[in-house]
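**Student:** What follows is a predicted structure for the sequence shown.
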Amino acid sequence: MKNRLVLPAPSLQGEAKEVSKYLIINKMIELKNIEKYYATKGIKHYVLRHVTTNIKQGEFVSIMGPSGAGKSTLLNILGMLEEPTYGSYEFMGEDVTTLNERKRIELYRNHIGFVFQAYHLIDEMTVYENIEAPLLYKKIGGSERKSRIADLLDRFNIVAKKDLFPNQLSGGQQQLVGIARALAAQPTIILADEPTGNLQSAQAEEIMALFQKLNREEGITIIQVTHSEKNAQYGNRILHIADGVVKDDIAIA
Amino acid sequence: MFKLNLKIALRNLWRNRIITSINVGGLAIALAAFILVVMYFTYETSFDKTNPNYNNIYVVGRIYPDFKTNYTSPPFAKAIKQNFPEVENAGITKRGFFEFTMKNGKNTLFAKNFMQADYNAAKILDLKPTGGLEKPAGEVDRLSYLSEESMKVLYPNKTDNKPEMVGMGSSNSGITSKINGSIINNLHSNITFDGISIGNEIGQGENYGMNNYTTYIQVKPGTDVANLEQKITKLYRNELLKGETDQKTIEEIKSISTFLDPLSNQHLKPKAGNDAPYKILIALSVLGILILVIACINFTNLSIAQATKRAKEVGIKKVMGAYRFQLTTQFLAEIFIQCLFATVLALIVAELVLPYFNNLFQINLSVWHIDNDLIWQLPLILCLITLIAGIYPAIVLSGFKPALVLKGNFSTSKQSYWLRNSLLVFQFSIAVIFIIGLFIINSQLKYMRSEDLGFTANQVVYIKNQTLFNNPVKFGSLNFESVRDKILKIPGIKSATVATDVPDGAENGTNGYTFEGVQSSLDFVDVDFDYFETLDIKLKQGRFFSQSFSTDTANSAVINESAVAKYGMKNPVGKTIKGCNIDYKIVGVIKDFKAQGFESAVQPTIYTIKNPCGNYKTQIMLKIEENKMADALATLKAQWPQINPKDGQDFRYEFLDELYGKLFKKQEQLQSVFFAAALLTIFIAILGLFAFAKYITNGRIKEIAVRKILGASDIQIFKLINRSFLVMVLLANVISWPVAYILTKKWLETFAYRIDLPVLPFMSSALITILLTVITVSIQAKKAVKANPVDALKYE
């Protein structure tokens, strides 16, 4: 089934922040005609073309496609790490293509959690401190911080590891910490770039199951980039990208 | 947040502890040097600053068409005060031109500088006798004070401040004088003295011709000094013109002007004097700053080397919600901790080095005292170096875009390549300049020590003496003959003479002499028989003075080569040169000798025994056999009251070679400073290079492993790693050579007698820096080369 979701929907400007995270927002992310190209010697080299899609709150979307198709670029644009060359991007009803750094960081603090293929934990910090860092930036009080971290450590079964440094953990454990860190600030959406790319299959399954659980039980919107068809099946929607164009948008039952 | 950052910073530093300690240690040493320079700078620029009217006090000096002088006459100060209401006060002082001998029983004080000042000057200069400054009672009454140190010499057990009667001259002179008390002799002031006598008015009856005094004025705050200067010039000319009719003199007077020189200028750059101390101070400050900058560069370079790793951290923190300024402060805090630590270390190092420093510069600085300006200077310095060292990570690193740095294959090496390498080149350029400078200063000093002076100062003893030996007798002076006879009876003493000047660098008097109708100014030295023999001066033509020629004490003259050249004389011996209304017959020409050291050329000089226009002959010189030196000196000391009864029992002497050696002192100071600076910069630069090479090789471990697998030999890899560093060091040499060439040439030009600029220092500096670089880099490279390629390639 090919259906490009280009439905117009009522705007929710201004109210976005007050909306409970369990309430499904129809247009959490709205991309219109997103293009991204690099001009080298006057020749435009397109990475993304005419990407138009909506992602609703509570969806678990997997972006798939061959290498160089533009998956990571799309995810970076969704995470506001890169700006599109053309097109509009509204995040929770707010146009974010021209957001200044300060506002963007506000969004990171309150709504977006990142998970990376290479985990990207801070090597000089212990597990505990890595999870604590976003809370510090968000200026969460000491006791609240402690209880949240304790809760996360407990849920992910890494209490015993809390004083270890990242290089003392296995890849799967590091990624668990990475996810715990992303969840600590209680984001509405998690952006994951090949979260299991560096992991063995057993660990990968564990991580994907965790994502599914987070999505189903806590209503966290998840967008992941993946190569693996199997991983994509954990979500409820797959965007197939090839040569910068969305070829397929498949809902999974 | 801050606590966590602090914790991470400390962990980070601990993980790289070798490099951290290299960095902090290097900075601490540089900072210690800088602290010393700052202290010295503060000291040198704050002379007399304790004076409450510091900014309103000026020295009045005179400008003639060909010279400037601070010496003025007594009536001038009075005239200034009477005429200009903006001048609050005006006073004069007079230096002691004679050495006084004072006695209290067995205690003897030689007061080299017994100053005179009028009450107004004492008030302006804030002189502080114990118990406060008092106004002398009558017109002629004087209040005399001894500096506290001098008082200690004469009255070691004195506790009260009662007046004392001291003996003047030798104990049998019978002259006594009243000392009213002690006075603070502030060494941190332009006005220092062993003793001072204060009168309501000094120099009474002296006219405008008696320019032996220094005039100080204190103006009201807000006075237009330039305007006042002009008014004083006009006043001075009017005063001189009074009753003057001779047209030529009137014209001359109109060419004289006056200047006002602030008290703050007096120590370093007086208008009438040279500003060499100021230049040296500035040069020293530049040295200090450069050393500090070089140490700070180590931080920056290390930050650059670590950038790839830190960039990732920046990216992560940004997507976790950190503002850029939070990262900036984090980086600054990290650098700050290290700088703070370095500062504490630096203070300790400075304290340890201070005694040597004080000794070298003949001052008495101390780190630990309450009103030390370091209290506010140090935090300022700390913030400054934190900024210099932290500016790169704070600005550049914190600005990285997360999307770029988190992609995985991010590398900062290309972006920072130029900055990093130019900083390294800069460090080495400075080090090379210092090394070359050091070599050249060394060569010049070696030249000065080994070069033929034209006279021999060895085994010549200079005796301080107050008896005048002018012949013919003048002002109650004595004939030297009887003294010489008595001296020569002592075994070991080969010759004895007396003269107006000894060759210790002091300037001689000058006078006009006419030779075959040409008048010119010559230096004159009035001597006695055996002067040239005692100093072993070489004869070129004719003969020395000799007692076998009775005319020698009347009108014989010896001149030096420079004098011959000045007049363009041909066969001067036997010809007549006229001066002081005497027709001198030239009996001999001597070879030039460097009486004034190496900085000024040998002056054209005339030596005569009789010179009515000359100075007092008081400087006795003896040539003594080396192995009988101690005995001869002991005998002299014992017999001195009989040999030279007018001078008294105080036999004081100095060795002429030591006296002459003092001329090199300034250059030796410079040598020490340069030695320290060169050593420090090269040390700090090498430290930086060491740490830097470590990072670079760590970053290339994979590349090295791949190359090894492809069949590269160890030597080839060593070459590979060394190559880029060698290029930089060579570049640093090439850049700094012209700079060093110009600077050292300028320095050498301050010497009349100097070496040709040698090539060797330039070559050696290149060799030294290259060698040090290869060793430093190879030590680091060795680890990478020795490592098993498999280990390096296993991890991704």
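**Tutor:** Received, thanks. Owing to the predicted nature of the structure, the values given are computational and were not obtained by experimental measurement.

**Student:** Just the mean pLDDT for the longest helix along chain A, thanks.
**Tutor:** Criterion DSSP state H: the longest helix present in chain A is helix A:201-218. For helix A:201-218, mean pLDDT is 90.

**Student:** Low-confidence regions, the stretch 1-150 of chain A specifically.
**Tutor:** Applying pLDDT under 70 to the stretch 1-150 of chain A flags residues A:1-26.

**Student:** rerun that using 90 as the cut-off
**Tutor:** Residue ranges of the stretch 1-150 of chain A with pLDDT under 90: A:1-28, A:38-46, A:67-70, A:72-73, A:76, A:79-83, A:92-110, A:116-125, A:133-142.

**Student:** what ranges do the strands span in it?
**Tutor:** A:29-40, A:43-55, A:60-64, A:86-91, A:94-95, A:112-116 (DSSP state E, counting those that start in this stretch).

**Student:** ditto for the stretch 401-550 of chain B
**Tutor:** Counting by DSSP E, counting those that start in this stretch, the strands of the stretch 401-550 of chain B are B:460-464, B:493-499, B:509-515, B:518-526, B:539-542.

**Student:** deepest of those strands, which one?
**Tutor:** strand B:493-499 (a mean of 23; mean count of other C-beta atoms under 10 Å in any protein chain shown). Bear in mind the C-beta positions are built from the backbone N, C-alpha and C, glycine included.

**Student:** So chain B: which segments form each domain?
**Tutor:** B:1-47+B:280-411, B:54-265, B:466-646 (automatic domain parsing).

**Student:** Including mean pLDDT and distance to residue A:178, could these go into a markdown table?
**Tutor:** Below are those laid out as a markdown table (pLDDT from 0 to 100; distance: least, C-beta to C-beta, whole Å):
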| stretch | mean pLDDT | distance to residue A:178 |
| --- | --- | --- |
| domain B:1-47+B:280-411 | 84 | 10 |
| domain B:54-265 | 87 | 65 |
| domain B:466-646 | 87 | 73 |
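
**Student:** could you dump the ones you listed to JSON lines with distance to residue A:84?
**Tutor:** Formatted as JSON lines, the domains of chain B follow (distance: least, C-beta to C-beta, whole Å):
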{"stretch": "domain B:1-47+B:280-411", "distance to residue A:84": "12"}
{"stretch": "domain B:54-265", "distance to residue A:84": "65"}
{"stretch": "domain B:466-646", "distance to residue A:84": "74"}
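
**Student:** sorry, back to before: out of the strands of the stretch 1-150 of chain A, which comes closest to residue B:153?
**Tutor:** Closest to residue B:153 of those is strand A:112-116 (C-beta to C-beta; 81.1 Å).

**Student:** is it possible to export the strands of the stretch 1-150 of chain A to TSV including mean neighbour count?
**Tutor:** Compiled in TSV, the strands of the stretch 1-150 of chain A are given as follows (neighbours: other C-beta atoms under 10 Å in any protein chain shown):
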stretch	mean neighbour count
strand A:29-40	17
strand A:43-55	17
strand A:60-64	24
strand A:86-91	19
strand A:94-95	14
strand A:112-116	25
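
**Student:** Which one of those lies nearest to residue B:255?
**Tutor:** So among the strands of the stretch 1-150 of chain A, strand A:29-40 is nearest, using C-beta to C-beta, at 76.1 Å.

**Student:** residues making contact with the closest one?
**Tutor:** A:9, A:44-55, A:70, A:73-74, A:77-78, A:82, A:84-91, A:189, A:244 (C-beta atoms under 8 Å, 6 or more residues apart in numbering or on different chains).

**Student:** which one is residue A:162 nearest to, not counting chain neighbours?
**Tutor:** residue A:128 (4.3 Å; C-beta to C-beta, 6 or more residues apart in numbering or on different chains).

**Student:** just checking, the one you found touches residue A:148?
**Tutor:** No - counting by C-beta atoms under 8 Å, residue A:128 sits too far from residue A:148 to count as a contact (11.5 Å).

**Student:** Looks like residue B:546 contacts residue B:556 (just checking).
**Tutor:** No - Residue B:546 lies out of contact with residue B:556 (C-beta under 8 Å); the separation is 9.1 Å.

**Student:** the more surrounded of these two?
**Tutor:** Just comparing residue B:546 and residue B:556: by other C-beta atoms under 10 Å in any protein chain shown the higher neighbour count belongs to residue B:556, 23 against 13.

**Student:** Tell me the bridge partners for the more buried one.
**Tutor:** residue B:585 (DSSP bridges).

**Student:** ok, it to chain A distance?
**Tutor:** For residue B:556, the distance to chain A equals 90 Å [C-beta to the nearest C-beta, to the nearest Å].

**Student:** The residue nearest to residue B:250 when sequence neighbours are not counted: neighbour count?
**Tutor:** Closest residue to residue B:250 apart from its sequence neighbours, by C-beta to C-beta, 6+ apart: residue B:244 at 5.6 Å. When counting by other C-beta under 10 Å, one arrives at 11 neighbours for residue B:244.

**Student:** Same check on residue B:454?
**Tutor:** With other C-beta under 10 Å as criterion, residue B:454 counts 19.

**Student:** At which residues are the strands of the stretch 551-700 of chain B located?
**Tutor:** For the stretch 551-700 of chain B, strands defined by DSSP E, counting those that start in this stretch occupy the ranges B:556-560, B:576-579, B:582-590, B:605-608, B:619-624, B:652-655.

**Student:** tell me the most buried of the ones you listed?
**Tutor:** With neighbours taken as mean count of other C-beta under 10 Å, these reach their highest mean count in strand B:556-560, at a mean of 27.

**Student:** Convert that one to PDB, retaining C-alpha atoms only.
**Tutor:** C-alpha atoms of strand B:556-560 as PDB (Å, rounded to 0.1, in the frame of the first residue of the first chain):
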ATOM      1  CA  SER B 556     104.900  67.900  29.800                       C
ATOM      2  CA  ALA B 557     102.000  66.100  28.400                       C
ATOM      3  CA  VAL B 558     101.300  62.500  27.200                       C
ATOM      4  CA  ILE B 559      98.400  62.000  24.800                       C
ATOM      5  CA  ASN B 560      96.700  58.900  23.500                       C
END
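
**Student:** Which neighbouring elements make contact with that strand?
**Tutor:** Packing partners of strand B:556-560 (3 or more C-beta pairs under 8 Å, 6 or more residues apart in numbering or on different chains; DSSP states H and E): strand B:582-590, strand B:605-608.

**Student:** related to what we said a few turns ago, restrict the contacts of strand A:29-40 to those near chain B?
**Tutor:** residue A:82 (C-beta under 8 Å from any C-beta of the partner chain).
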